[in-house]
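Undergrad: when you get a sec, could you give me coordinates for this:
(2 chains)
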Amino acid sequence: MFVSTALLVLKKDFAIEVRSREILYTTLLFALSCVLIFSIAFVKEGEPLLDAAAGILWIAVEFAGTLALGKTFERERYGETLRALLLAPAPRAAIYAGKMLGVVVLLAIAEVLLVPLVALLFHAPLFAQPLLLVALLAAGTLGFSIVGTLFAAMLVRARSRDVMLPILLYPMTVPVMIAGVRGTSALLQSPADTATAVMWIGLLTSLDVVFMTIALWTFEPLMTE
Amino acid sequence: MRRLFMPLLVVATAMFAYAPYMIDGAAYESSMGLVQKIFYFHAPSGMMMLLSAIVCGVASALYLWRRKPAMDHLALASAELTVLYGLIVIATGPLWARKAWGIWWDWDARLTMSFVGWLIAISYLFVRKYAGPGSDKLGAALAVFGMANVPFIYLSVNLWRTLHPKTSVVPSLPPLIRGPFWFSALALFLMYLLLLTARLHLERQRAALDALYLAEED
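TA: Model (predicted):
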């Protein structure tokens, strides 16, 4: 029941997105512009600053993710469909999980584009440890999406929601960002510092578990009028 | 608590008046000199900040599930106190750091996590003020997440190599410092209780006034 409902919500979001591709395209373009702006700030005389690539990758993901989160729920608000979704005879937590998975998939697509781009433009050996990088990105993106989806859903009815989302989301996801950036820059060292990266992946996973528990727990009372 | 307010206020005032003598009489730490005295203010304020964040988180969780307005008032009051004590910590910390480490600020784990905790408390107040209808529940969820940050702040010094001293410092204080330290901690805790009570009272009055306005309009 739980899994099938979550997948149904995911499928619904996908069906809408496939028609317009609005969120995907705007997120990708936004991520690209982020990288462009960073290239101006962090490349000196043709050489990128040491360790800049890890930070650029994660900040681009976080910024693009914020944009995508806002857009995802803006769509629900516009069509007044969030209420309908919440009225459905299904566990609320499953609806949350479905929405959250949608954000994760979207960000994963953005990362598929971002990682090679950052590796190319900032001379970063991001593909030296592909498995560890994927694990880091997966755990980090999950953590970001868990908190982000919950807050974006709460803010649907709030005033000045566009400003509120980053204000709430950034402090809360700082631990995720720290772990992601530190883990990635450990991988970028030559030779790659795999032990440190594994430590950060472990921390990210435990953060994910803590965040997920709180999110599933609070979504139901939060979304009750 | 309200009947105890005046007696406690007298006790707290007396303690605050006596604290400078006590701190002055404490053992003089030779390497840090006079700056070491910030410790009696900085560390207890940090404890109060974490305590206040936990109170805010627990009250918010109870508010989310039980819907008792009193819990919401408690959460709001303790969020404001988290910001206040956080401000004390963040203002006194750099003064210490300048003398001990030669820099005003360092992005080590303890400092970063405390800063994050402080920002979360500030964003809670922002939500309460600007997010409009439903901001009470929104803030409550934020506070629950903020509470999850507290153990990380506390343990950060033991988990990572930081410039900031470890948690083992406080239990292993020399006797001549221990007395004044816990005296200061108790004084700041009393101040916390008093401010919390006063703020709760204010919030209750405000809620009662709102209810009266609503009744008048109907």
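
Undergrad: the single nearest residue of chain A relative to chain B sits in which helix or strand?
TA: In chain A, the residue found nearest to chain B is A:Arg159; the distance is 3.3 Å by Cβ to the nearest Cβ. Backbone N, C-alpha and C define where each C-beta goes, glycine included. In this structure, A:Arg159 sits in neither a helix nor a strand according to DSSP states H and E.

Undergrad: which one is it nearest to, not counting chain neighbours?
TA: B:Gly132 (3.3 Å; Cβ to Cβ, 6 or more residues apart in numbering or on different chains).

Undergrad: my reading is that the one you found lies in a strand. Confirm?
TA: No: assessed with DSSP: H, G, I helix; E, B strand; the rest coil, B:Gly132 is coil; it does not lie in a strand.

Undergrad: that one: neighbouring residues, count only.
TA: By other Cβ atoms under 10 Å in any protein chain shown, the residues close to B:Gly132 number 14.

Undergrad: for A:Phe151, same thing?
TA: A:Phe151, neighbours per other Cβ under 10 Å, totals 29.

Undergrad: thinking it is in contact with A:Pro171, fair?
TA: No: counting by Cβ atoms under 8 Å, A:Phe151 sits too far from A:Pro171 to count as a contact (11.1 Å).

Undergrad: what's the closest residue to chain A within chain B in contact with, if anything?
TA: Nearest to chain A, among the residues of chain B, is B:Gly132, at 3.3 Å (Cβ to the nearest Cβ). Counting by Cβ atoms under 8 Å, 6 or more residues apart in numbering or on different chains, B:Gly132 makes contact with A:Ala158, A:Arg159, A:Ser160.

Undergrad: surely the first one meets B:Ala131?
TA: Yes: between A:Ala158 and B:Ala131 a contact is recorded at 4.2 Å, counting by Cβ under 8 Å.

Undergrad: residues shared between the contacts of these two?
TA: With Cβ under 8 Å, 6+ apart as the test, A:Ala158 and B:Ala131 both reach A:Met164, B:Leu138.

Undergrad: quick one, which of these two is more surrounded?
TA: B:Ala131 (25 against 20).

Undergrad: what's around residue 18, how many residues?
TA: I went with chain A, as the question did not name one. Neighbour count of A:Val18, defined by other Cβ under 10 Å: 9.

Undergrad: to clarify, I was referring to chain B.
TA: 12.

Undergrad: so, low pLDDT: which residues of chain A?
TA: For chain A, the stretches with pLDDT under 70 are A:225.

Undergrad: get me the contact residues on it for chain B.
TA: Contacts of chain A with chain B, taken as Cβ under 8 Å from any Cβ of the partner chain, map to A:147, A:150-151, A:154-155, A:157-161, A:164, A:167-168, A:171-172, A:174-175, A:178, A:210-211, A:214, A:218, A:221-222.

Undergrad: assign a three-state SS to A:Ala90, would you?
TA: Applying three-state DSSP: A:Ala90 is coil.

Undergrad: most centrally placed residue in chain B?
TA: B:Met49 (2.2 Å; Cα atoms, centre = their mean).

Undergrad: just the helices in chain A please.
TA: Taking DSSP state H as the criterion, chain A carries its helices at A:2-20, A:22-42, A:52-78, A:81-87, A:92-121, A:130-155, A:161-188, A:194-223.

Undergrad: out of the ones you listed, flag the one nearest B:Ser156.
TA: Closest approach to B:Ser156 among those (Cβ to Cβ): helix A:161-188, 10.1 Å.

Undergrad: next, the angle helix A:130-155 makes with that closest one.
TA: 170 degrees (axes from the mean of the first three to the mean of the last three Cα atoms, to 10 degrees).

Undergrad: which strands and helices sit next to helix A:161-188?
TA: If you count contacts as 3 or more Cβ pairs under 8 Å, 6 or more residues apart in numbering or on different chains; DSSP states H and E, helix A:161-188 packs onto helix A:52-78, helix A:130-155, helix A:194-223, helix B:109-130, helix B:135-159.
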